[in-house]
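# pasted the sequence and its predicted model underneath.
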Amino acid sequence: MDDLTSLAQLDPARGREPSEQEWSRSRADLTLIMAKQPQARVRPRRLVAVLAAAVTALLVALLPGGNGTAYASWTPVPRTLPGSAVSPEADLCAAGWDNGTSTPGDVVLAERRGRATLLVMWLSTGPLIECTLLEPGEVAGSQRLTDDADAEPPLPAAGRVAVDTRGATGYGARQYSDVLGRAAPDVTGVDLLLPDGTRVQASVAGGWWAAWWPGPEAGLAGGLSVVVHTATGSHTYDL
């Protein structure tokens, strides 16, 4: 029940009663969801990550406007931010994990694409987490990247990146994908190449790289490539 209790704290709409119109839309969306097979996350880190994906799908159906404004404002090139610029977001993410707290120094990586913010951060309670806010003040999902006080996953070899977690959350036109992992110290930049040719620039900071985009591609087998940039050149690898 600890995971379920923590998950309940992530609900950005707790205490809010949806309108009749929202309930109607929710019932229609859930009917569609139940008729389809969900996209599975690749290498889910913990049960809470899987549960968060399911809850996110329900919240998208209930919240006014869904993820539409976040998707409409999405940009393939992010704004990389210092921890001091995302204190409200970090506090909101931390509060969902056993009432954890955060400081600007706890933020390892922070990026913003339009209205959405993605964070990699340490909690006062120990674990390193990834947290995504598709709208300001609304946590869409978060997952643990390490056990409580465990060290970070090892760095890959020079000039390479590793994928720690990837997957798609949501259903149909409301799906979004994310990829996250470790980056060698000499990596200066990372781009993701989607099957349709779209290039998504990832954020790189603190030995990590991360990116998100609207669509299901990260939850599908194959089709994604990564371009790793260093001072001596660039190399492309299949994920």
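Structure received.
# surely residue 189 meets residue 203?
No: judged on C-beta atoms under 8 Å, residue 189 makes no contact with residue 203 at a distance of 9.5 Å. Just so you know, the C-beta spots here come from the backbone N, C-alpha and C atoms, and that holds for glycine as well.
# so which residues of this protein form strands?
Counting by DSSP state E, the chain has strands at residues 79-80, 107-113, 116-122, 128-133, 141-144, 165-169, 176-182, 187-193, 199-201, 203-205, 208-214, 225-230, 233-238.
# for these, give me TSV that also has mean neighbour count.
Output for the strands of the chain, formatted as TSV (neighbours: other C-beta atoms under 10 Å):
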stretch	mean neighbour count
strand 79-80	14
strand 107-113	23
strand 116-122	26
strand 128-133	24
strand 141-144	24
strand 165-169	23
strand 176-182	23
strand 187-193	19
strand 199-201	18
strand 203-205	21
strand 208-214	24
strand 225-230	18
strand 233-238	10
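# can you list the ones you listed in JSON lines and add distance to residue 97 and mean pLDDT?
Below are the strands of the chain laid out as JSON lines (distance: least, C-beta to C-beta, whole Å; pLDDT from 0 to 100):
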{"stretch": "strand 79-80", "distance to residue 97": "24", "mean pLDDT": "94"}
{"stretch": "strand 107-113", "distance to residue 97": "15", "mean pLDDT": "96"}
{"stretch": "strand 116-122", "distance to residue 97": "10", "mean pLDDT": "95"}
{"stretch": "strand 128-133", "distance to residue 97": "7", "mean pLDDT": "93"}
{"stretch": "strand 141-144", "distance to residue 97": "7", "mean pLDDT": "89"}
{"stretch": "strand 165-169", "distance to residue 97": "17", "mean pLDDT": "91"}
{"stretch": "strand 176-182", "distance to residue 97": "17", "mean pLDDT": "95"}
{"stretch": "strand 187-193", "distance to residue 97": "27", "mean pLDDT": "98"}
{"stretch": "strand 199-201", "distance to residue 97": "27", "mean pLDDT": "98"}
{"stretch": "strand 203-205", "distance to residue 97": "21", "mean pLDDT": "97"}
{"stretch": "strand 208-214", "distance to residue 97": "18", "mean pLDDT": "96"}
{"stretch": "strand 225-230", "distance to residue 97": "29", "mean pLDDT": "98"}
{"stretch": "strand 233-238", "distance to residue 97": "33", "mean pLDDT": "96"}
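# mind putting those strands into CSV with distance to residue 68?
Output for these, formatted as CSV (distance: least, C-beta to C-beta, whole Å):
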stretch, distance to residue 68
strand 79-80, 21
strand 107-113, 15
strand 116-122, 12
strand 128-133, 15
strand 141-144, 17
strand 165-169, 15
strand 176-182, 12
strand 187-193, 23
strand 199-201, 20
strand 203-205, 23
strand 208-214, 10
strand 225-230, 28
strand 233-238, 32
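# do you know which of these lies nearest residue 151?
strand 128-133 (9.6 Å; C-beta to C-beta).
# for the closest one, which strands pair with it and how are they oriented?
The pairing partners recorded for strand 128-133 under DSSP bridges are strand 116-122 (antiparallel), strand 141-144 (antiparallel).
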